[in-house]
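Colleague: Sequence and predicted model, in that order:
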Amino acid sequence: MDQREIINQLFRLFLQFLITINSDQNQNYDYPIQYNHIIYESDNDDDSDYISADEELTNQYIPITKFLYDNNINPQQFYLKFNEIDSINMVHEYEHPLNGGHCWNFNESFHHRCCAACKQTLKNCDCEFICGLTSPTEQKDKKNKHNQFKKCKWYTSDSNNLDHDCIGMISKDEKLVLFKDERNFQSYSVNNITRTKNWFNCFNIAIDGLSGVGKSSIGCQVAKRLNFTFIDSGLFYRYIADQFYLDDTIQLNEIRLFKNEMIGSPSYYLQEIEFHLQEKTSQEELQIGQKASEISKVPEIQNIINKIIQTITKNGGYVVVGCDTTTKILPSARVKLILEADFET
Ligand SMILES: Nc1ncnc2c1ncn2[C@@H]1O[C@H](COP(=O)(O)OP(=O)(O)OP(=O)(O)O)[C@@H](O)[C@H]1O
Ligand SMILES: Nc1ccn([C@H]2C[C@H](O)[C@@H](COP(=O)(O)O)O2)c(=O)n1
């Protein structure tokens, strides 16, 4: 498959993804009438310990589907626009019409807990807080504690700073609730909140694969098409090798300082890295490549580079390429691509 075909295919997939999440928002739905597929999590954090809603439905619980139905809220709109609320520690099948009839984690078992914010199974969810509408988030567990509240890193910034990165839209009179933990929560009027992020680019794309498979070529074009920022993690290794691996000595302290500087001025350094490496002759490039390969085996350097990239990209809008992007750098990127190429290509 040639490069153009791959890019077109990726782009098609991406458009499909966008169409799926944008489609049907104003259509009428068959609201799920039966709620017996909803299973609540017990206090016990053990995955296997579910309590079926059929068995133990008490007044304390408000199934999210019922909440939506009773309040005449279109569920797809709710999940996609409000997007942050589920009764999070609830097992939910995301049945029709959500996500084309699949759970967000459709490649995993169909029946599992799934964070509505980051769309990961709860085991993989690293959300700390979640923001959302007051009613469903005030759902309590059996001990009358606020349960489930987590914040997805893509959805909120910290509660002291109400510059809010939430991609959801909350209607005018509703309140946003931020939870620090289950006892410590505050609700804010939506009017106090500035949204800084466009939902469209609030996620990252990680492109992985062996050296030379075309990650940079494809990643760069995908980023251009989507107006995302492109980051080639390999360039970080190369730049650090060239600047801080001198006379056979890796200057770890300098690298640590560089990390702080780069996190402070990411745009400047992204350009600086690119320009710096563009100036090199092909002989120099070869040497830098060798040095980069050596330093890439040092765990602290890997951690520093991963941390820089994770910090820069935390609000989304980036295409990050490099081997280990999907596993170590951005394991929770919403879109992950692993490229392969024929040997002949
Ligand atoms: N689809 C493709 N078909 C043929 N050649 C390609 C394709 N994509 C990239 N190439 C060529 O393969 C070479 C490696 O591409 P590229 O630098 O994008 O790979 P990479 O995976 O980013 O490599 P590295 O990990 O070493 O940075 C380049 O010469 C590029 O022009
Ligand atoms: N995420 C990454 C990116 C790169 N490396 C290593 C691989 C190479 O030895 C070196 C330079 O990368 P390249 O520009 O050739 O992609 O850095 C890594 O370990 N992890």
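Modeller: Here it is on my side, so go on. Ligands and ions are numbered 1, 2, ... in the order given.
Colleague: Surely Val298 is in contact with Ile250?
Modeller: Yes: counting by C-beta atoms under 8 Å, Val298 touches Ile250, with 6.6 Å between them. No exception for glycine: its C-beta is placed from N, CA and C like everyone else's.
Colleague: Of those two, which one has the most company?
Modeller: Neighbours per residue, other C-beta atoms under 10 Å: of Val298 and Ile250, the larger number sits with Ile250, 18 against 14.
Colleague: Give the buried residues for the helix or strand encompassing Phe258.
Modeller: Element membership of Phe258 [criterion: DSSP states H and E] is helix 252-264. Buried residues in helix 252-264, defined by neighbour count with 16 or more other C-beta atoms under 10 Å: 255, 258-259, 262.
Colleague: how about the helices in the stretch 201-345 of the chain?
Modeller: 215-226, 233-244, 252-264, 266-278, 282-295, 299-312 (DSSP state H, counting those that start in this stretch).
Colleague: Any idea which of these gets closest to ligand 2?
Modeller: helix 233-244 (2.3 Å; C-beta to the nearest ligand atom).
Colleague: could you check the angle helix 282-295 makes with the closest one?
Modeller: If you take axes from the mean of the first three to the mean of the last three C-alpha atoms, to 10 degrees, helix 233-244 sits at 100 degrees to helix 282-295.
Colleague: Need the mean per-residue confidence for helix 233-244.
Modeller: Average pLDDT, helix 233-244: 97.
Colleague: what does that helix contact?
Modeller: 216, 250-251, 254-255, 258, 273-274, 276-277, 280, 288-289, 291-296, 301, 305, 308-309, 320-322, 324-325, 329 (C-beta atoms under 8 Å, 6 or more residues apart in numbering).
Colleague: Check these one by one and keep those near ligand 2.
Modeller: 292-293, 296, 322, 324-325, 329 (C-beta under 6 Å from any ligand atom).
Colleague: Can you give the contact residues for stretch 256-268?
Modeller: Under C-beta under 8 Å, 6+ apart, the answer for stretch 256-268 is 240, 243-244, 269, 304, 307-308, 311-312.
Colleague: so what pLDDT did the nearest residue to Ser217 once chain neighbours are set aside get?
Modeller: Using C-beta to C-beta, 6 or more residues apart in numbering and skipping residues adjacent in sequence, the residue nearest Ser217 is Gln3, 6.1 Å away. Listed pLDDT for Gln3 reads 70.
Colleague: got the residues of the stretch 101-250 of the chain near ligand 1?
Modeller: Near ligand 1, when you scan the stretch 101-250 of the chain using C-beta under 6 Å from any ligand atom, you find 209, 211-217, 234.
Colleague: most surrounded residue in those?
Modeller: That'd be Lys215 among those, by other C-beta under 10 Å, with 27 neighbours.
Colleague: where's that one relative to Ile231, distance?
Modeller: For Lys215, the distance to Ile231 equals 11 Å [C-beta to C-beta, to the nearest Å].
Colleague: which neighbours do these two share?
Modeller: With C-beta under 8 Å, 6+ apart, Lys215 and Ile231 have common neighbours Val321.
Colleague: How about the contacts made by Gln251?
Modeller: Gln251 neighbours (C-beta under 8 Å, 6+ apart): 244-245.
Colleague: repeat that with 6 Å
Modeller: For Gln251, the contacting residues are Phe244, by C-beta atoms under 6 Å, 6 or more residues apart in numbering.
Colleague: For it, give its distance to Ile240.
Modeller: In terms of C-beta to C-beta, Gln251 sits 9 Å off from Ile240.
Colleague: Likewise for Ala292?
Modeller: 8 Å.
Colleague: again, but for Lys314
Modeller: Where Ile240 is concerned, Lys314 sits at a distance of 21 Å (C-beta to C-beta).
Colleague: Ends of stretch 272-291, what's the gap?
Modeller: End-to-end distance for stretch 272-291, by C-alpha to C-alpha, to the nearest Å: 19 Å.
Colleague: wait, does that stretch contact ligand 1?
Modeller: No: against ligand 1, stretch 272-291 shows no contacts by C-beta under 6 Å from any ligand atom, the least distance being 8.2 Å.
Colleague: Need the contact partners of that stretch.
Modeller: Contacts of stretch 272-291 (C-beta under 6 Å, 6+ apart): 235, 238-239, 241-242, 245.
Colleague: mind running it again at 8 Å?
Modeller: 235-236, 238-239, 241-243, 245.
Colleague: In the stretch 151-300 of the chain, which residue sits nearest ligand 1?
Modeller: Gly214 (2.8 Å).
Colleague: okay but that residue is in contact with Leu339, surely?
Modeller: Yes: contact criterion C-beta under 8 Å: Gly214 and Leu339 qualify, at 5.9 Å.
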